[in-house]
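Q: Sharing a sequence plus its predicted fold:
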Amino acid sequence: MPQFEVDGAVLAYDDEGPRDGAAVPLVLIHGWTADRHRWDHQTEHFAARRRVVRLDLRGHGESTGAGVRTIAELAQDVTALLDHLEVDRFVPVGHSMGGMISQTLALTHPARVERMVLVNSIGRMAYSRGRGLLMAASTLVPFRLFVAANIQRAFAPGFPRERVREYVRSSAGTPREVVMTLYGAMRAFDVLDRVGEITAPTLMVHGYHDIQLPVGQMLRMAKAYPDAEVRIIDAGHELPVERPAELTAALDRFLTPAA
């Protein structure tokens, strides 16, 4: 497992696939309390023919580090890693908070972003009343209970309970400081008034049953994009693992030029 040091953090990452192909590299960016293995299906599929970079964001998975207060700081980590790997142009594929990072990259480095994919993500954080109450109560309940409540509601009804418990355990390994600080970063995130500046063709894939970031919020955002394609899949908030093959197929269609 390669690692990269940046601003007090050591980032774990994978850099797979051919370097000499014509396809622009994919950069897979996971969401809050997740890790780079959310993208296992997509990595296995795409790395057979194009370069794929995925990382554990600071404080997540096998990466160390904490202390960042904004989504922009996480985007700087990603940019630093890509500079280290000598990746110039790329296609960011971001899930949830990773989609917020992707949009930040597209706004701050427009010449480097060829295309973009947002999976269960939005341009302005707006919580439902229920989610807001859950987050407000976070300081009053044990941390693991708080994490479990958030992760369990991220999956659509019917997703296997044993797999939900697996993701709950994984997310609970994220340090509390990282979890709560980045909750604040997501809550403050707002680029909705600027997304009209993003000219890169963008695919927005969303789960119909997503109650974390409801599909209606994504659709309102899509209207502001100059060049956006929308795909809605029968899933919850955790599309990369709930419907991995369907997500991969949607990415394939978007990334493969028409004959």
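A: Good, I have the coordinates.
Q: got the contact list for R58?
A: In this structure, R58 makes contact with A9, L11, T64, G65, A66, V68, L74, D77, V178, judged by Cβ atoms under 8 Å, 6 or more residues apart in numbering. All C-beta spots, glycine's among them, are computed from the backbone N, C-alpha and C.
Q: Which parts of the chain are strands?
A: Using DSSP state E, the strands found in the chain span residues 3-6, 9-16, 26-29, 52-55, 91-95, 116-119, 202-207, 228-233.
Q: possible to save those as TSV with mean neighbour count and distance to S102?
A: Formatted as TSV, those follow (neighbours: other Cβ atoms under 10 Å; distance: least, Cβ to Cβ, whole Å):
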stretch	mean neighbour count	distance to S102
strand 3-6	15	18
strand 9-16	19	16
strand 26-29	28	6
strand 52-55	26	13
strand 91-95	28	3
strand 116-119	29	6
strand 202-207	25	9
strand 228-233	17	13
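Q: For L255, which of those is the nearest?
A: strand 91-95 (6.9 Å; Cβ to Cβ).
Q: Direction-wise, compare that closest one with strand 202-207 and give the angle.
A: Orientation of strand 91-95 against strand 202-207 (axes from the mean of the first three to the mean of the last three Cα atoms, to 10 degrees) gives an angle of 20 degrees.
Q: partners of strand 91-95 in the sheet?
A: Strand 91-95 has the following strand partners under DSSP bridges: strand 26-29 (parallel), strand 116-119 (parallel).
Q: Run through who's touching the first one.
A: Translated: strand 26-29. 36, 39, 42-43, 46, 50-55, 57, 78, 82, 87, 90-95, 98-99, 101-102, 255.
Q: do the same with the last one
A: Under the criterion Cβ under 8 Å, 6+ apart, residues 91-96, 98-99, 102-103, 106, 198, 200-206, 218, 239-240, 247, 251, 254 lie in contact with strand 116-119.
Q: mind listing what A72 touches?
A: Taking Cβ under 8 Å, 6+ apart, one finds T104, T108 in contact with A72.
Q: Contacts made by stretch 225-238 with the rest, please.
A: By Cβ under 8 Å, 6+ apart, the list of residues contacting stretch 225-238 reads 38, 96, 120, 154-156, 159, 167, 195-196, 198-213, 215, 218-219, 222, 239, 242-243, 246-247, 250, 254.
Q: ChimeraX command to pick out the buried ones of these?
A: Burial among the contacts of stretch 225-238 is assessed by 16 or more other Cβ atoms under 10 Å; the matching ChimeraX selection reads:
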select :38,96,120,154,155,156,159,167,195,198,200,201,202,203,204,205,206,207,209,210,211,212,213,215,218,222,239,242,243,247,250,254
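Q: The strands paired with strand 91-95: which one's closest to G173?
A: Nearest of the strands paired with strand 91-95 (Cβ to Cβ): strand 26-29, 19.0 Å.
Q: Distance from the chain centre to the closest one, please.
A: 9 Å (Cα atoms, centre = their mean, to the nearest Å).
Q: Check the average confidence over it, would you?
A: For strand 26-29, mean pLDDT is 98.
Q: can you check stretch 145-162 too?
A: Here the average pLDDT along stretch 145-162 is 89.
Q: So for that stretch, what gets flagged as buried?
A: F146, V147, A148, A149, N150, I151, R153, A154, F155, A156, F159.
Q: State the distance from the second one to A80.
A: According to Cβ to Cβ, to the nearest Å, V147 stands 28 Å off from A80.
Q: swap in the last one?
A: F159 sits 35 Å away from A80, going by Cβ to Cβ.
Q: Okay, now the unreliable bits of this structure?
A: For the chain, the stretches with pLDDT under 70 are 127-141, 257-259.
Q: the helices in it, which residues?
A: 40-46, 71-84, 97-108, 129-136, 143-152, 161-172, 176-188, 215-224, 239-242, 244-255 (DSSP state H).
Q: right, so those: which one is the most enclosed?
A: helix 97-108 (a mean of 26; mean count of other Cβ atoms under 10 Å).
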